[in-house]
Structure formats: structure tokens, C-alpha cells
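Asks: Need a 3D model of the sequence below.
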Amino acid sequence: MKKPEIVITKNGPYEIAQDIRLNQAIIATDDRGDSVGWEKGREYAAQEEDYHLCRCGRSANKPYCDGTHKDIHFRGRESADRAPYAENAEMLTGPTLDLMDDSSLCIGARFCDRGDKVWRLVEESAEPEKRRQAIEEACNCPSGRLTAVEKNGKMLEPKLEKEISLIEDPCANSRGPLWIKGGLTVEGAGGEKYETRNRMALCRCGESGNQPYCDGTHYECNHMRGLDK
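Replies: Now for the predicted structure:
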């Protein structure tokens, strides 16, 4: 059986398969501070062996682990509901478009708040421009909290390559979670598999109440201030 591409080690870092690319994804904002898209940031060097990304948030060598989790006696208990996304998500119905929403996965990236907000846009999706904006905002949600759904049941997903992006939020001067893209497989510390999805966001501040997923707590963490170099 193929080894998972991401393994959550017990009270330690994420172990990443060597062939998984690592880069930065920067939240782009307009003059009002609204999130409008993604910009590419640094591309990290390819690794010759499996590598480890900090999960406790305290490494002095972010995004990589430097062993600090041992010094601070980090306890990374995985508390997230393991039910499939489709079971946890609420469904909002619009005239030409529906929206699945699992609020427990919100990371605070704010794409859904632009303009009339994605929920109202879905309700008013009979208007082509509002339908287009609703799909765009849902697809920009990095955690996959929001998923636009056609009336025939087709889930609309952005095309994402298999890679990990460090979310950077210059507007908030904050490092965000690991953006897990393209259906990378994730295994918990106990050997259990998490649902494989096109978009997920894993905590890297160490403080999320929904481990291993990000819940936006990084915005409150002083140790996540600033941006990765």
C-alpha cells in the first residue's frame, strides 16, 4: 500500500513525502482589504528525502521543524470530526446554484466576504454575474469550507496541482495554515486516514481547536505574526 503523502506524527511535525512541492500562496487584497485572489510567493527547494514541517508553531526555522515541539512538550491532539465533508456541510439552495458550507473548517481567509458575500450571491444566482462571483469566491476558499454545486449535483472545484502552499496574509501580517492541494493523502498519528479532498488547510500554529485542521486561531497567535521569508 502506498505511503500517505502527509503523515501527522504524534505530538510532532507533519512528515511530508519528498516529491511534494512546497511554496507560498499569498492572499491578494484590494484597496479596501478584501481578499480578491492568490499570488505566488517563494518556491522552496526540492527535497532529496521526506521532510518535516512545523506543527507546533514555535520553530525558529519556519516552515520547517527544528525540534522545538519536544522542548515545549507540544500536545497535538487530533480532535476534528472525521465524518466526510458531505455529511457535515450545510446546503444553501439558490435558483441556479447551491452551496455546501462546513463552518468548522473556516480559516478566516475572507474570500467569501467580498461584495455581497457568497451566501447572498448564491441566493441571487439567477443573475449571471452574481452566479459567477459566487463560484469564484467558493473556489478561492483554501480550506474547502465552501463548495459551489451545480443543480445537477456536480461539485465545482478549482484545478489544483498536488502541492503544499504556506498561506501568507500580508493584510493581517500573519502566517496562515498549510494549504493542502490536489487530493494529497493525510494520515493521522494513530494511522487513520483523513478524507482526501482537493482543498484542505492544516493548522501550523499549534493552537487550533479543530486539529489537524486550521480554525483561524493563528490570527490570535503572536508567534505567527510576520511572514515567512
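Asks: how near is Ile164 to Tyr44?
Replies: Ile164 sits at a distance of 9 Å from Tyr44 (criterion: C-beta to C-beta, to the nearest Å). In this view, the C-beta of every residue, glycine as well, is placed from N, C-alpha and C.
Asks: intersection of neighbour lists for these two?
Replies: Applying C-beta atoms under 8 Å, 6 or more residues apart in numbering, one finds that Ile164 and Tyr44 are jointly contacted by 21-23.
Asks: Looking at the residues you listed, which are in strands?
Replies: Per DSSP state E, strands hold the following members of these: 21-23.
Asks: all strands in this structure, in order from the N-terminus.
Replies: Along the chain, the segments classed as strands by DSSP E run 6-8, 14-16, 21-29, 35-43, 51-53, 90-93, 97-101, 146-150, 155-156, 163-169, 174-181, 186-187, 199-202.
Asks: The spatially most central residue of the chain: what's it in contact with?
Replies: The chain has Ala201 as the residue nearest its centroid, 2.2 Å off, counting by C-alpha atoms, centre = their mean. Residues counted as contacts of Ala201 (C-beta under 8 Å, 6+ apart) are 105, 107, 142-144, 167, 176-180, 213-214.
Asks: In these, find the pair that's most separated.
Replies: Farthest-apart pair in these is Gly144 and Gly176; separation 14.5 Å (C-beta to C-beta).
Asks: Between these two, point out the one with more neighbours.
Replies: Neighbour comparison, Gly144 and Gly176: the larger count goes to Gly176, with 29 against 23 (by other C-beta atoms under 10 Å).
Asks: these two touch, right, the more buried one and Ile107?
Replies: Yes. Using C-beta atoms under 8 Å, Gly176 makes contact with Ile107 at a distance of 6.6 Å.
Asks: what touches both of those two?
Replies: Residues touching both Gly176 and Ile107 by C-beta under 8 Å, 6+ apart: 167, 201, 214.
Asks: ok, the residues you listed vs Thr9, which is closest?
Replies: Comparing these against Thr9 with C-beta to C-beta places Cys214 closest, at 17.9 Å.
Asks: ok, how many other residues are close to the closest one?
Replies: The local packing of Cys214 (other C-beta under 10 Å) involves 28 other residues.
Asks: go on, Ser143?
Replies: Neighbour count of Ser143, defined by other C-beta under 10 Å: 26.
Asks: Let me see the contact set for it.
Replies: Taking C-beta under 8 Å, 6+ apart, we find Ser143 in contact with 105-107, 109, 177, 199-201, 213-214.
Asks: now these as TSV including distance to Asn88 and pLDDT?
Replies: Below are those laid out as TSV (distance: C-beta to C-beta, whole Å; pLDDT from 0 to 100):
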residue	distance to Asn88	pLDDT
Leu105	8	98
Cys106	12	98
Ile107	16	98
Ala109	19	97
Pro177	18	98
Arg199	15	98
Met200	13	98
Ala201	15	98
Tyr213	11	98
Cys214	16	98
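Asks: quick check, nearest of these to Glu123?
Replies: The shortest gap between Glu123 and any of those belongs to Cys106, at 19.5 Å (C-beta to C-beta).
Asks: From the contacts of Ala201, pick the one nearest Ala134.
Replies: Proximity of the contacts of Ala201 to Ala134 (C-beta to C-beta) peaks at Gly144, which lies at 15.7 Å.
Asks: thinking again about what came up before, looking at Ile164 and Tyr44, which one has more neighbours?
Replies: Counted by other C-beta under 10 Å, Ile164 and Tyr44 do not tie: Ile164 has more neighbours, with 23 against 16.
Asks: the domain parsing of this structure - what is it?
Replies: As given by automatic domain parsing, the domain ranges for the chain are 6-81+164-224, 85-156.
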